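Participant: this one's structure only:
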């Protein structure tokens, strides 16, 4: 049955590989169950309700991806978009979180329409192959950078913006030991992959976590909530209290419109729409390129149901009570572990559903155990740099700018914007518009990106 539905053999994979890949993807995404409630609670939302909404929205979106598109991509409320929701829309502009959810819901409806009318698919196909390869590389660096930060190996510096961790001082027993465990995790995972151990990334996550538990039990690692370092020993395994969910479920339809300015709402909605559109496209480009899923023309087969899954998930997530649900770049970890079909995402979806009950267990997975997986996945995605023709400056320079912009601007969509603008303008101004076959859609995207920087 699994073979017939997911076409495992034709995708050169097995059920065992897909399930392991699904577990791997979930483990690298599980942090959202802890992070999203923390961020959205700043907007006045009940954190327990947000946790349930996050898990359910991730389950629905990833399940749709599995059944409708048969791709190993997982969905969850997007990082960055949740911060924009809480700190810009609600706290900064003074809207209620119900109004913010309404903007997310409207965005999802628009995305459904765009997905059904081929607009999003056309945008995906209009981006040149060089930039698609660059997006994959840029996402790799971005993922690795996130991993290094999560491990506290790379930290903030007033003089140099970022710097490396200093392994001494009052927080050594918490932050310092966590960073060392992350380094051990990278080494352990690398050895597993060199030895071609199946599910090496997942084993690396679990192994690092177990080592962290041993360190805490022996007093080597000391949790420090003030430093953002928590106990890695599960406080429990299950929780059956779902009563808080009523605080956010359906709240999108109870928003107070009395002081609402339609133009302001439109700006907020467009911001959600814009970032979500290109974050999703960037993730699909990067991960599918890594998995060799693009056809000879650089197009992704079955992209319409993939984009439709993302759009429906955004609407469903808003109804449940969470910010924009989007395709996750951490899906690359499952692809790296061998995931090639919807069975991978089905596994991830079921784990998100289970996480509603087993939330105390999953929330105990420390960031320093997940970080090695993200760093290794970043390495894997760097391989796409070989697809860039560095002899063709008209392609190579925009590709380079796209790559460096993602980690430095901390945004996939900003990397795509920089890449599109520079590729179009450089080739247009050097008289290579016909040679490069710049499409009308690329001109339109370039103008829109420029207007975005001018007006937003």
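Facilitator: Structure received. The model shown is predicted, which means the values in this text are computed figures rather than measured ones.
Participant: buried sites along stretch 445-456?
Facilitator: By 16 or more other CB atoms under 10 Å, the buried positions in stretch 445-456 come out as 445-446, 449, 452. To be clear about C-beta, it is placed using only N, CA and C from the backbone, and glycine gets the same treatment.
Participant: closest to residue 436 among those?
Facilitator: residue 446 (12.9 Å; CB to CB).
Participant: so can I have CSV of the buried residues of stretch 445-456 showing secondary structure?
Facilitator: Converted to CSV, the buried residues of stretch 445-456 look like this (DSSP: H, G, I helix; E, B strand; the rest coil):
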residue, secondary structure
445, helix
446, helix
449, helix
452, helix
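Participant: what's the lowest-pLDDT member of the residues you listed?
Facilitator: pLDDT across the buried residues of stretch 445-456 is lowest for residue 452, at 79.
Participant: Stretch 218-231 spans what distance, first to last residue?
Facilitator: Terminal residues of stretch 218-231 lie 13 Å apart, using CA to CA, to the nearest Å.
Participant: Could you give the separation of it from the chain centroid?
Facilitator: Computed by CA atoms, centre = their mean, to the nearest Å, the chain-centroid distance of stretch 218-231 equals 27 Å.
Participant: quick one: average confidence on that stretch?
Facilitator: On average, the pLDDT along stretch 218-231 is 88.
Participant: Contacts for that stretch, please.
Facilitator: 171, 173-175, 177-178, 181, 212, 215-216, 232, 364, 366 (CB atoms under 8 Å, 6 or more residues apart in numbering).
Participant: Where does pLDDT dip in the protein?
Facilitator: 80, 198, 257-261, 263-264, 267, 271, 274, 290, 363, 456 (pLDDT under 70).
Participant: Residue 425 - nearest residue in space that isn't next to it in sequence?
Facilitator: Among residues not flanking residue 425 along the chain, residue 446 sits closest, at 6.9 Å (CB to CB, 6 or more residues apart in numbering).
Participant: still on that earlier bit, please tabulate the buried residues of stretch 445-456 in CSV, including the columns distance to residue 116.
Facilitator: CSV is the format used below for the buried residues of stretch 445-456 (distance: CB to CB, whole Å):
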residue, distance to residue 116
445, 20
446, 25
449, 24
452, 24
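Participant: Show the contacting residues for the residue nearest to residue 425.
Facilitator: Each residue near residue 446 by CB under 8 Å, 6+ apart is listed here: 420-421, 424-425.
Participant: one step back: list just the nearest of the buried residues of stretch 445-456 to residue 375.
Facilitator: residue 449 (30.1 Å).
Participant: Grab the nearest non-local neighbour of that closest one.
Facilitator: Distances taken as CB to CB, 6+ apart place residue 417 nearest to residue 449, at 4.3 Å, with adjacent residues excluded.
Participant: would that neighbour count as being in a helix?
Facilitator: Yes - in this structure, residue 417 lies within a helix as judged by three-state DSSP.
Participant: Which one (most neighbours) among the contacts of stretch 218-231?
Facilitator: Ranked by the number of neighbours (other CB atoms under 10 Å), the contacts of stretch 218-231 place residue 178 first, at 31 neighbours.
Participant: Buried residues, stretch 36-56. List them.
Facilitator: 36-37, 39-43, 45-56.
Participant: what's the offset of that stretch from the middle of its chain?
Facilitator: Centroid displacement of stretch 36-56 relative to its chain, using CA atoms, centre = their mean, is 18 Å.
Participant: End to end on that stretch, go ahead and measure it.
Facilitator: Terminal residues of stretch 36-56 are spaced 13 Å apart (CA to CA).
Participant: Assign residue 339 to helix, strand or coil.
Facilitator: Per three-state DSSP, the local secondary structure of residue 339 is coil.
Participant: just to revisit the earlier point, narrow the buried residues of stretch 36-56 to those in strands?
Facilitator: Of the buried residues of stretch 36-56, none are assigned to strands by DSSP state E.
Participant: List the buried residues in the helix or strand where residue 424 lies.
Facilitator: Assigned by DSSP states H and E, residue 424 belongs to helix 412-429. Neighbour counts over helix 412-429 (16+ other CB under 10 Å) mark 412-424, 426-428 as buried.
Participant: Show me what secondary structure element comes after the longest helix that the chain contains.
Facilitator: The longest helix of the chain (DSSP state H) is helix 262-290. Later in the chain than helix 262-290, the nearest helix or strand by DSSP H and E is helix 303-320.
Participant: Now the helix or strand following that next one: buried residues?
Facilitator: Next helix or strand after helix 303-320 toward the C-terminus (DSSP H and E): strand 325-327. Within strand 325-327, the residues scored as buried using 16+ other CB under 10 Å are 325-327.
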